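Asker: Sequence and predicted structure, then a few things I'm wondering about:
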Amino acid sequence: MPPGIEWDVADEIEWGINEEIVWEDTEKDEEIILELRNDFQPSFFVRKFAVVWWRNGFYKAGKVDGTIRVTPSRLLFFDENGKLRLSINNADINEIKLHEHESEFSIFYNEIITDKEVFEITTGVDKVQSEQNHKDLEAAISGEYKESLKEIIDLQIVTSNNGKIKEFKDIFGKTHFNPVKTNMDYPEIQASSLEDVVDFGLSWLHGKIKPPFVIDDSGVFISNFNGFPGVYTRYIYDTIGLKGVLRQMENIDNRACTFRCVLGLLTESGEKRKFTGECHGTLINELRGDGGFGYDPIFIPHGFDKTFAELAPEEKNSISHRGKAMRKLIDFLLQ
């Protein structure tokens, strides 16, 4: 058995008592071009080495069961304590194959083939992520992977609305930006546009919250009321509620409206940027659906027969005003 490592029974059975594993100290000065790990999925011990892969292909510090690092010359395997378990020269790797092992549930693993040995590294149960990790691993070992590591960046979202935070996390899930809820009240001025409200909010919060951070102001613009409530959407919701809004819409034929969202970003350099999104639709005369928040139960987007509150979150996010604004924000952040 390798010295200094405590194995449980399952590990001992898988590794066997006669395994000859080379243990080395980590070479701190060797440039790492790719690191794969996952903070969320459990690991499964398969043959010689088991590891969980990182979340969405982006580095995040934290305790994991194992880590794979690819340097320009070597493929390195570390245990959860940072001890180097195994080192394979990239030049010795002939092929990497992705497999799905069917047991009680699917487990995906990469088979790394050299002239002398075959290693299996588990990637978890997520097919899409396992396939992407496989491509990244192949590219890194072949020298094609040029993108430097991206450390996960906390992006503060200034809001007390848990529904908005969930939407941010869902849409930002495949990026290296991690939306974090920051609950700080700031004055919402009586302005003529959402853009003016957001611009004031960014200026007021500058110096009070460490950037980058995002604020959101959204509104419902009803055609028959010349765009009202607009910037007063939140006030109307808090004052008379959705049932009060529906009472004001009684006997009105023109129920067309637009949901608008303006996201304001203050960058680390102090630059203010705004991103907008719109979704056109109709206000119905009853509350429908249990999902979403705000005006979602009474709004049906064009081309649909369900309210925002009845749509699945991913479907709503793909067409909503806030989803559109978020994707513009993401495009800017990834430049």
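Answerer: Here it is on my side, so go on.

Asker: Who are the contact partners of Gln191?
Answerer: Let me fix one detail, which is that residue 191 is Ala and not Gln. The contact partners of Ala191, taken as Cβ atoms under 8 Å, 6 or more residues apart in numbering, are 197, 200, 231. The C-beta positions use only the backbone N, C-alpha and C, and glycine is treated the same way.

Asker: Output the contacting helices and strands for the one helix or strand the second one maps to.
Answerer: Under DSSP states H and E, the secondary-structure element containing Phe200 is helix 194-205. Packing partners of helix 194-205 (3 or more Cβ pairs under 8 Å, 6 or more residues apart in numbering; DSSP states H and E): strand 213-222, strand 256-266, strand 272-283.

Asker: In TSV: those strands, plus distance to Ser193 and mean pLDDT.
Answerer: Shown next, in TSV, are these (distance: least, Cβ to Cβ, whole Å; pLDDT from 0 to 100):
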stretch	distance to Ser193	mean pLDDT
strand 213-222	9	96
strand 256-266	8	97
strand 272-283	10	97
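
Asker: winner for burial among those?
Answerer: Most buried of those, by mean neighbour count (mean count of other Cβ atoms under 10 Å): strand 213-222, with a mean of 24.

Asker: Sketch out the low-pLDDT regions of the stretch 1-150 of the chain for me.
Answerer: Residue ranges of the stretch 1-150 of the chain with pLDDT under 70: 1-67, 78-86, 102-106, 120, 122-126, 143-150.

Asker: can I get the helices and strands packed on helix 194-205 in JSON lines with distance to Ala309?
Answerer: Below are the helices and strands packed on helix 194-205 laid out as JSON lines (distance: least, Cβ to Cβ, whole Å):
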{"stretch": "strand 213-222", "distance to Ala309": "14"}
{"stretch": "strand 256-266", "distance to Ala309": "13"}
{"stretch": "strand 272-283", "distance to Ala309": "13"}
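
Asker: Of all those, which one is nearest Met249?
Answerer: strand 272-283 (6.1 Å; Cβ to Cβ).

Asker: Can you tell me the strand partners of the closest one and which way each runs?
Answerer: Using DSSP bridges, strand 272-283 pairs in its sheet with strand 256-266 (antiparallel), strand 299-301 (antiparallel).

Asker: Would you format those strands as TSV with distance to Lys181 included?
Answerer: Output for these, formatted as TSV (distance: least, Cβ to Cβ, whole Å):
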stretch	distance to Lys181
strand 256-266	15
strand 299-301	24
